[in-house]
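Enquirer: next one to model:
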Amino acid sequence: DTRGIPHEAIQRAFNELIRRHDMLRAIVQPDGQQRVLEKVPEYKIEIRNDEKCEEIRERLSHQVFDTATWPLFHIEAIAKPDGGTRYFVSFDVILGDAWSLQILGREMKQLLLGMPLPPLALTFRDYVLAERAHNERPEAEASWWHWQEKVPPLPAAPELPLIKSPAELEKPEVNRRSARLTAAQWTALKEKARQHRLTDSGFVLAVFAEVLGTWSRKRSFTINLTLFNRQPVHPDIDSVIGDFTSSTLIACDQRNSESFAGRAADVQSTLWESLEHRSVSGVRIIRELARQQRSGVGAVMPVVFTSTLGKMTGSTRHEDWEADVVFGLSQTSQVYLDHQVSEIDGELVLNWDCIESLWPTGVVDEMFASYQAFLISLT
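Expert: Got it, this is the predicted structure:
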């Protein structure tokens, strides 16, 4: 929802971002190769007065793009009776990760304020080629040997109380639960993390693991952790749009300690170790796990934790206008619970995206309420 921002200014700024970022002009060819189009038509954001928000949200929240056809995003808007405008944005993450979306938001704000953006001297393709060369170095091979030793004892995903197998779903639909902790609460939590030598992400991950362990049939399980692998290869790396995401696996064994502080320390230690060897992607680890188990089904890691804490903080405030996110949703294949955590305007933002039909009625609500309550209790 926006107020005080002319629609034409938003459309003009977004087209400038399309020209600036090559991945906003990208498609995926039938042979699987990504291709950036040198020129694309001016993107028109249609605005109407007579549409129902819920109908547009339902239509776009489960949209699947034809990746061979530009654009791999869709934006439309409605003029609200109170004078504001609501924008509906559907975005295929082939183009860019969660960090990239925050970059787009930051740069959109700069353009709306009349601040010029410095030209980029790096493209996503440049980074992919650099990363490929890096992964051929001896250090990457050493990380692969590390994971080959870790894979055999790696526990399965949390055994949560599902009422059916995800494989039974033909068209899974995702619902979101969201909450915010105040800036004061989040500041208190960060101080608590520092006292126990935990990173912000490690601390929140440990709390999330604690809730999973409470509902899981086994207290030993593995969480799929999203990584934003932007190696410092160039000064512009933090301003490039692209899917830099990789993943790694975090094994949690809550039987090893009798206190939450001890279990949190174990999670942080495992997190540091996994990050040290993150040149091996979680996808490759899962494939190796499937090969050793001789079963692709049991090796899927469908519970995901994604954190942008410490990467970038967002703000949607300005003295002359407002822009607030009122609804969001993400969908990822082979994932039935995806937790995203970020910081916006100094507050801790928590989102759980889950496939609702897999769960008994009320269970996810209870888990999410317990998660919030536990975080608040630690302040």
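Enquirer: which strand residues bridge Glu322?
Expert: Here Glu322 sits in beta bridges with Arg3, Arg317, going by DSSP bridges.
Enquirer: would you confirm that it contacts Arg3?
Expert: Yes - with contact defined as CB atoms under 8 Å, Glu322 reaches Arg3; the gap is 4.7 Å. To be clear about C-beta, it is placed using only N, CA and C from the backbone, and glycine gets the same treatment.
Enquirer: let's verify Phe368: helix, strand, or coil?
Expert: Three-state assignment for Phe368 (DSSP: H, G, I helix; E, B strand; the rest coil): helix.
Enquirer: next, the contact list for it, please.
Expert: Residues near Phe368 by CB atoms under 8 Å, 6 or more residues apart in numbering: 177, 179, 352.
Enquirer: host element of Arg263?
Expert: Counting by DSSP states H and E, the element that carries Arg263 is helix 260-276.
Enquirer: packing partners for that helix?
Expert: When contacts are defined as 3 or more CB pairs under 8 Å, 6 or more residues apart in numbering; DSSP states H and E, helix 260-276 packs onto helix 200-215, strand 220-228, strand 245-253.
Enquirer: which residues sit against the first one?
Expert: Translated: helix 200-215. 158, 160-161, 189-190, 192-193, 196, 198, 219, 221, 223, 225, 250, 252, 254, 260, 263-264, 267-268, 271, 303, 305, 307, 309-310, 339, 341, 348, 363, 367, 370-371, 374-375, 378.
Enquirer: which of the contacts of Phe368 count as buried?
Expert: 177, 352 (16 or more other CB atoms under 10 Å).
Enquirer: what would the contacts of Phe368 look like in JSON lines with distance to His234?
Expert: Formatted as JSON lines, the contacts of Phe368 follow (distance: CB to CB, whole Å):
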{"residue": "Arg177", "distance to His234": "38"}
{"residue": "Ala179", "distance to His234": "37"}
{"residue": "Trp352", "distance to His234": "35"}
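Enquirer: filter the contacts of Phe368 down to just the ones in helices.
Expert: The helices, defined by DSSP state H, take in nothing from those.
Enquirer: so which of the contacts of Phe368 belong to strands?
Expert: 177, 179, 352 (DSSP state E).
Enquirer: of these, closest to Gln231?
Expert: The closest of those to Gln231 turns out to be Trp352 (CB to CB; 29.7 Å).
Enquirer: contacting residues for that closest one?
Expert: Listed by CB under 8 Å, 6+ apart, the contact set of Trp352 reads 176-178, 337-339, 364, 368.
Enquirer: quick check: beta-bridge partners of it?
Expert: Arg177, His339.
Enquirer: if any of the contacts of Trp352 are buried, put those into a ChimeraX selection.
Expert: What follows is the ChimeraX syntax for the buried subset of the contacts of Trp352, where burial is set by 16+ other CB under 10 Å:
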select :176,177,337,338,339,364,368
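Enquirer: surely Asn227 and Asp243 touch.
Expert: Check again: residue 227 is Leu, not Asn. No - Leu227 is beyond contact range of Asp243, at 11.8 Å (criterion: CB under 8 Å).
Enquirer: quick one: buried ones out of the contacts of helix 200-215?
Expert: Neighbour-count burial (16+ other CB under 10 Å) applied to these gives 158, 160, 189-190, 193, 198, 219, 221, 223, 225, 250, 252, 254, 260, 263-264, 267-268, 271, 303, 305, 307, 309, 339, 341, 348, 367, 371, 375.
Enquirer: now do stretch 181-201, average pLDDT.
Expert: Stretch 181-201 comes out with an average pLDDT of 96.
Enquirer: ok, and for that stretch, which residues are buried?
Expert: 181, 185-186, 189-190, 193, 198-201.
Enquirer: among those residues, which pair sits farthest apart?
Expert: So, those by CB to CB: farthest apart are Gln185 and Thr199, at 17.9 Å.
Enquirer: hmm, who's touching whichever strand or helix holds Val304?
Expert: Element membership of Val304, judged by DSSP H and E, is strand 303-307. Contact with strand 303-307 is made by 98, 157-158, 160, 200-201, 204-205, 208, 212, 221, 223-226, 247, 250, 332, 335-342, as judged by CB under 8 Å, 6+ apart.
Enquirer: repeat that for 7 Å
Expert: Outside of strand 303-307, the residues within contact range by CB atoms under 7 Å, 6 or more residues apart in numbering are 98, 157-158, 201, 204-205, 208, 212, 223-226, 332, 335, 337-341.
Enquirer: the inter-axis angle of it versus strand 220-228?
Expert: 40 degrees (axes from the mean of the first three to the mean of the last three CA atoms, to 10 degrees).
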